[in-house]
Each structure stands twice: as structure tokens, then as C-alpha cells.
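> The sequence isn't on hand, but the structure is:
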């Protein structure tokens, strides 16, 4: 997954009726934004594939990290 664009660690928390997945993302400064977007899209696809054997278990995702983006700059 876009190794040149980001680093990723995944934390997971299990509780009897809860699975919490927390991908921690780091985007290196000045890397190609298109590669980063592709890698993030792939990450979201993989997270959507996570299931539980227990239909009562809720699965939640919280993506955190340093994206090295200026959210107020419309060019990023």
C-alpha cells in the first residue's frame, strides 16, 4: 500500500460486543498527494472488509495521524 506515501500502524481494541480499529497514519511531508489518496482509499476498502463472527459485535474505525496537509490551503 503506497509505501512511499505513508506509514501505518493499526491499534485494535476488543470488548465483548465492540471491535475498535484505530489506524494511525503518517504521511511524509511533500510526498505525492495522489499516491496518498490511493493508499487511503485502499485502507478504507480494507477496513470495510473487517467482520466479526458475532453479529451483535459493533465494529468501529477511527483514523488518526499526521497527514501533513494544510486543511486551509485549497490546493491540497
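Now that the structure is in, tell me what you want to look at. As the structure is a computational prediction, the values presented were derived from the model and not from experiment.
> which neighbours does the helix or strand harbouring residue 8 have in its sheet, and in what orientation?
Per DSSP states H and E, residue 8 falls inside strand 6-15. Counting by DSSP bridges, the strands paired with strand 6-15 are strand 18-27 (antiparallel).
> for the strand it pairs with, what is the average pLDDT?
Across strand 18-27, pLDDT averages out at 96.
> which is the next helix or strand following it?
Following strand 18-27 toward the C-terminus (DSSP H and E): helix 33-48.
> what bits of this protein have low per-residue confidence?
1-4, 74-76 (pLDDT under 70).
> ok, 80 please
1-5, 74-76 (pLDDT under 80).
> count of neighbours near residue 23?
Using other CB atoms under 10 Å, residue 23 has 20 neighbouring residues. Any C-beta I mention is one placed from the backbone N, CA and C, and that applies to glycine too.
> contacting residues for it?
Residue 23 makes contact with 8, 9, 10, 11, 43, 47, 61, 63, 64, 65, according to CB atoms under 8 Å, 6 or more residues apart in numbering.
> surely residue 35 meets residue 27?
No. In this structure residue 35 lies outside contact range of residue 27 using CB atoms under 8 Å: 9.4 Å.
> Any of the contacts of residue 23 buried? List them.
Neighbour counting with 16 or more other CB atoms under 10 Å marks 8, 43 as buried within the contacts of residue 23.
> Distance to residue 72 added to the contacts of residue 23, as a markdown table?
As requested, these are arranged in a markdown table below (distance: CB to CB, whole Å):
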| residue | distance to residue 72 |
| --- | --- |
| 8 | 25 |
| 9 | 27 |
| 10 | 29 |
| 11 | 29 |
| 43 | 24 |
| 47 | 27 |
| 61 | 26 |
| 63 | 20 |
| 64 | 20 |
| 65 | 18 |
